[in-house]
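Engineer: give me a 3D structure for the following:
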Amino acid sequence: MHKPIIKMINNRLLEAAGQLLSTGGVEAVTVEAVTRMSKVARATLYRHFGSTTDLLAATFERLLPPVDTDIDTGPLRERLISLLTTQADLIDQAPVQMTTLAWLAMGPVNSGDASRRDLDPGAVVSLRARVIEQYRKSLDQILTAPDARDVLGELDTTFALIQLLGPIVFARLTGLRHIHTDDCIRIVDNFLAAHATSVGSSTSRDNSRTWPATTPDPQFNEGQ
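Structural biologist: Here you go, the predicted structure:
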(Lines give C-alpha, C1' and ligand atoms only; values in the text may rest on other atoms or scores of the structure.)
Protein backbone atom coordinates (compact mmCIF):
# COMPACT_ATOMS: atom_id res chain seq x y z
CA MET A 1 0.00 0.00 0.00
CA HIS A 2 1.38 3.40 -0.97
CA LYS A 3 2.42 5.80 1.80
CA PRO A 4 -0.12 8.52 0.88
CA ILE A 5 -2.93 5.96 1.15
CA ILE A 6 -1.59 4.64 4.45
CA LYS A 7 -1.42 8.17 5.81
CA MET A 8 -4.94 8.94 4.59
CA ILE A 9 -6.39 5.83 6.26
CA ASN A 10 -4.43 6.53 9.43
CA ASN A 11 -5.82 10.08 9.53
CA ARG A 12 -9.38 8.87 8.98
CA LEU A 13 -9.09 6.42 11.86
CA LEU A 14 -7.58 9.02 14.20
CA GLU A 15 -10.13 11.66 13.22
CA ALA A 16 -12.98 9.25 13.93
CA ALA A 17 -11.45 8.15 17.24
CA GLY A 18 -10.82 11.78 18.20
CA GLN A 19 -14.41 12.77 17.53
CA LEU A 20 -15.71 9.81 19.53
CA LEU A 21 -13.32 10.59 22.38
CA SER A 22 -14.33 14.26 22.47
CA THR A 23 -18.04 13.55 22.49
CA GLY A 24 -18.35 10.28 24.40
CA GLY A 25 -15.14 9.77 26.37
CA VAL A 26 -12.81 6.79 26.37
CA GLU A 27 -15.64 4.26 26.50
CA ALA A 28 -16.98 5.54 23.16
CA VAL A 29 -13.77 4.67 21.30
CA THR A 30 -14.49 1.09 20.26
CA VAL A 31 -13.36 -0.78 17.18
CA GLU A 32 -16.95 -0.98 15.95
CA ALA A 33 -17.61 2.74 16.40
CA VAL A 34 -14.32 3.83 14.83
CA THR A 35 -14.64 1.57 11.80
CA ARG A 36 -18.25 2.62 11.28
CA MET A 37 -17.47 6.34 11.48
CA SER A 38 -14.26 6.19 9.44
CA LYS A 39 -15.64 3.70 6.91
CA VAL A 40 -12.46 1.67 7.30
CA ALA A 41 -12.58 -2.13 7.61
CA ARG A 42 -11.77 -3.76 10.94
CA ALA A 43 -8.86 -5.71 9.43
CA THR A 44 -7.39 -2.48 8.08
CA LEU A 45 -7.69 -0.80 11.49
CA TYR A 46 -5.71 -3.63 13.10
CA ARG A 47 -3.02 -3.30 10.44
CA HIS A 48 -2.55 0.34 11.53
CA PHE A 49 -3.13 -0.09 15.26
CA GLY A 50 -2.51 -3.38 17.02
CA SER A 51 -5.18 -2.76 19.65
CA THR A 52 -7.64 -0.19 20.93
CA THR A 53 -4.95 0.80 23.45
CA ASP A 54 -2.63 1.75 20.57
CA LEU A 55 -5.45 3.61 18.87
CA LEU A 56 -6.41 5.52 22.01
CA ALA A 57 -2.81 6.44 22.82
CA ALA A 58 -2.24 7.77 19.29
CA THR A 59 -5.53 9.68 19.46
CA PHE A 60 -4.68 11.31 22.79
CA GLU A 61 -1.26 12.31 21.49
CA ARG A 62 -2.80 13.86 18.39
CA LEU A 63 -5.28 15.89 20.46
CA LEU A 64 -2.74 17.30 22.92
CA PRO A 65 -1.83 20.95 22.28
CA PRO A 66 1.70 21.70 21.08
CA VAL A 67 4.43 22.16 23.65
CA ASP A 68 4.97 25.86 24.36
CA THR A 69 8.64 26.64 24.98
CA ASP A 70 8.31 30.44 25.13
CA ILE A 71 9.57 31.60 28.51
CA ASP A 72 8.86 35.05 29.93
CA THR A 73 11.84 37.13 30.99
CA GLY A 74 12.20 38.64 34.44
CA PRO A 75 12.89 37.43 37.99
CA LEU A 76 12.66 33.72 38.81
CA ARG A 77 9.49 34.17 40.89
CA GLU A 78 7.67 36.00 38.09
CA ARG A 79 8.68 33.41 35.50
CA LEU A 80 7.39 30.56 37.65
CA ILE A 81 4.11 32.34 38.37
CA SER A 82 3.60 33.07 34.67
CA LEU A 83 4.30 29.44 33.72
CA LEU A 84 2.00 27.99 36.38
CA THR A 85 -0.81 30.40 35.47
CA THR A 86 -0.48 29.43 31.80
CA GLN A 87 -0.51 25.72 32.66
CA ALA A 88 -3.52 26.15 34.95
CA ASP A 89 -5.43 27.94 32.19
CA LEU A 90 -4.46 25.27 29.67
CA ILE A 91 -5.58 22.48 31.98
CA ASP A 92 -8.86 24.30 32.61
CA GLN A 93 -9.56 24.96 28.94
CA ALA A 94 -8.38 21.66 27.47
CA PRO A 95 -10.16 18.79 29.26
CA VAL A 96 -8.42 16.27 26.99
CA GLN A 97 -5.26 16.76 29.05
CA MET A 98 -6.97 15.57 32.21
CA THR A 99 -8.60 12.66 30.38
CA THR A 100 -5.17 11.70 29.06
CA LEU A 101 -3.61 11.80 32.54
CA ALA A 102 -6.45 9.78 34.04
CA TRP A 103 -6.20 7.17 31.27
CA LEU A 104 -2.45 6.82 31.68
CA ALA A 105 -2.76 6.65 35.46
CA MET A 106 -5.23 3.77 35.20
CA GLY A 107 -2.54 1.69 33.51
CA PRO A 108 -4.32 0.66 30.30
CA VAL A 109 -1.90 -2.24 29.85
CA ASN A 110 -0.08 -3.05 33.05
CA SER A 111 -2.57 -1.88 35.67
CA GLY A 112 -0.37 1.01 36.68
CA ASP A 113 2.60 -1.20 37.59
CA ALA A 114 5.52 1.15 36.98
CA SER A 115 7.99 -1.75 37.10
CA ARG A 116 6.38 -3.23 33.98
CA ARG A 117 6.11 -0.12 31.84
CA ASP A 118 8.74 -1.55 29.50
CA LEU A 119 5.97 -3.87 28.30
CA ASP A 120 3.67 -1.01 27.30
CA PRO A 121 2.95 -0.68 23.58
CA GLY A 122 5.04 1.85 21.70
CA ALA A 123 2.06 4.18 21.34
CA VAL A 124 1.59 4.34 25.12
CA VAL A 125 5.30 4.95 25.70
CA SER A 126 5.21 7.74 23.13
CA LEU A 127 2.12 9.31 24.71
CA ARG A 128 3.61 9.18 28.21
CA ALA A 129 6.79 10.87 26.98
CA ARG A 130 4.72 13.51 25.17
CA VAL A 131 2.66 14.28 28.29
CA ILE A 132 5.77 14.58 30.45
CA GLU A 133 7.37 16.90 27.90
CA GLN A 134 4.18 18.97 27.81
CA TYR A 135 4.51 19.78 31.48
CA ARG A 136 8.21 19.79 32.18
CA LYS A 137 10.05 21.27 29.20
CA SER A 138 9.44 24.92 30.02
CA LEU A 139 9.77 24.30 33.76
CA ASP A 140 13.16 22.65 33.27
CA GLN A 141 14.34 25.68 31.30
CA ILE A 142 13.44 27.94 34.21
CA LEU A 143 14.78 25.75 37.03
CA THR A 144 18.12 25.01 35.36
CA ALA A 145 18.85 28.67 34.54
CA PRO A 146 21.83 30.20 36.39
CA ASP A 147 19.70 32.55 38.53
CA ALA A 148 17.53 29.61 39.63
CA ARG A 149 20.62 27.62 40.59
CA ASP A 150 21.81 30.56 42.68
CA VAL A 151 18.53 30.67 44.60
CA LEU A 152 17.57 27.01 44.75
CA GLY A 153 20.90 25.20 44.56
CA GLU A 154 21.02 21.69 43.14
CA LEU A 155 17.43 20.70 42.54
CA ASP A 156 15.59 17.52 41.62
CA THR A 157 13.59 18.99 38.75
CA THR A 158 11.28 15.98 38.55
CA PHE A 159 10.22 16.42 42.16
CA ALA A 160 9.96 20.17 41.60
CA LEU A 161 7.54 19.46 38.75
CA ILE A 162 5.40 17.42 41.15
CA GLN A 163 5.53 20.13 43.82
CA LEU A 164 4.55 22.94 41.47
CA LEU A 165 2.07 21.31 39.10
CA GLY A 166 0.76 18.55 41.36
CA PRO A 167 -1.71 20.79 43.25
CA ILE A 168 -3.08 22.21 39.99
CA VAL A 169 -3.61 18.80 38.42
CA PHE A 170 -5.12 17.37 41.61
CA ALA A 171 -7.56 20.27 41.96
CA ARG A 172 -8.70 19.83 38.36
CA LEU A 173 -8.94 16.03 38.42
CA THR A 174 -11.00 16.02 41.62
CA GLY A 175 -13.08 19.09 40.75
CA LEU A 176 -12.09 20.49 44.12
CA ARG A 177 -11.67 24.03 42.80
CA HIS A 178 -10.49 26.14 39.90
CA ILE A 179 -6.91 27.35 40.22
CA HIS A 180 -6.48 31.09 39.67
CA THR A 181 -3.47 33.40 39.54
CA ASP A 182 -3.56 34.01 43.31
CA ASP A 183 -3.35 30.26 43.87
CA CYS A 184 -0.36 30.00 41.51
CA ILE A 185 1.36 32.80 43.43
CA ARG A 186 0.87 30.92 46.72
CA ILE A 187 2.19 27.69 45.22
CA VAL A 188 5.30 29.41 43.85
CA ASP A 189 5.97 31.39 47.02
CA ASN A 190 5.68 28.26 49.18
CA PHE A 191 7.99 26.39 46.80
CA LEU A 192 10.61 29.14 46.80
CA ALA A 193 10.43 29.61 50.56
CA ALA A 194 10.87 25.88 51.21
CA HIS A 195 13.84 25.53 48.88
CA ALA A 196 15.47 28.77 49.94
CA THR A 197 15.26 27.56 53.54
CA SER A 198 16.69 24.21 52.50
CA VAL A 199 19.59 25.85 50.68
CA GLY A 200 20.21 28.18 53.64
CA SER A 201 20.23 25.30 56.12
CA SER A 202 22.60 23.33 53.91
CA THR A 203 24.93 26.32 53.63
CA SER A 204 24.87 26.79 57.40
CA ARG A 205 25.77 23.15 57.95
CA ASP A 206 28.55 23.38 55.38
CA ASN A 207 29.91 26.50 57.06
CA SER A 208 29.85 24.88 60.47
CA ARG A 209 31.92 22.04 59.10
CA THR A 210 34.27 24.32 57.16
CA TRP A 211 35.22 26.90 59.81
CA PRO A 212 37.54 25.61 62.58
CA ALA A 213 36.56 26.13 66.19
CA THR A 214 38.00 29.32 67.65
CA THR A 215 40.65 29.07 70.39
CA PRO A 216 39.75 30.96 73.57
CA ASP A 217 41.91 34.01 74.21
CA PRO A 218 44.03 33.31 77.36
CA GLN A 219 44.14 36.97 78.25
CA PHE A 220 40.35 37.10 78.14
CA ASN A 221 40.08 34.08 80.42
CA GLU A 222 42.57 35.55 82.86
CA GLY A 223 40.61 38.74 83.09
CA GLN A 224 37.45 36.94 84.17
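Engineer: lowest average confidence, helix or strand, in the protein?
Structural biologist: In the chain, no helix or strand scores lower on mean pLDDT, DSSP states H and E than helix 218-222, which sits at a mean of 44.
Engineer: what does stretch 168-180 contact?
Structural biologist: Applying Cβ atoms under 8 Å, 6 or more residues apart in numbering, the contact partners of stretch 168-180 are 84, 87-88, 91-92, 98, 101-102, 167, 183-184, 187. Every C-beta, even on glycine, is put in place using the N, C-alpha and C of the backbone.
Engineer: leaving out the residues flanking it, which one is nearest to the residue nearest to the spatial centre of the chain?
Structural biologist: The centroid of the chain falls nearest to residue 135 when counting by Cα atoms, centre = their mean (3.4 Å). Counting by Cβ to Cβ, 6 or more residues apart in numbering, residue 165 is the residue found nearest to residue 135 once chain neighbours are left out, at 5.8 Å.
Engineer: next one: residue 196
Structural biologist: Once flanking residues are discounted, residue 196 sits nearest to residue 151: 6.4 Å by Cβ to Cβ, 6+ apart.
Engineer: which SSE is that neighbour in?
Structural biologist: In the assignment (DSSP states H and E), residue 151 maps to helix 146-152.
Engineer: buried residues in that helix, which are they?
Structural biologist: Within helix 146-152, the residues that qualify as buried by neighbour count (16 or more other Cβ atoms under 10 Å) are 148, 151-152.
Engineer: with stretch 123-138 instead?
Structural biologist: 123-124, 127-128, 130-131, 134-136, 138.
Engineer: is it true that the residue nearest to the centre of the chain touches residue 87?
Structural biologist: Yes - if you go by Cβ atoms under 8 Å, residue 135 and residue 87 touch, sitting 7.0 Å apart.
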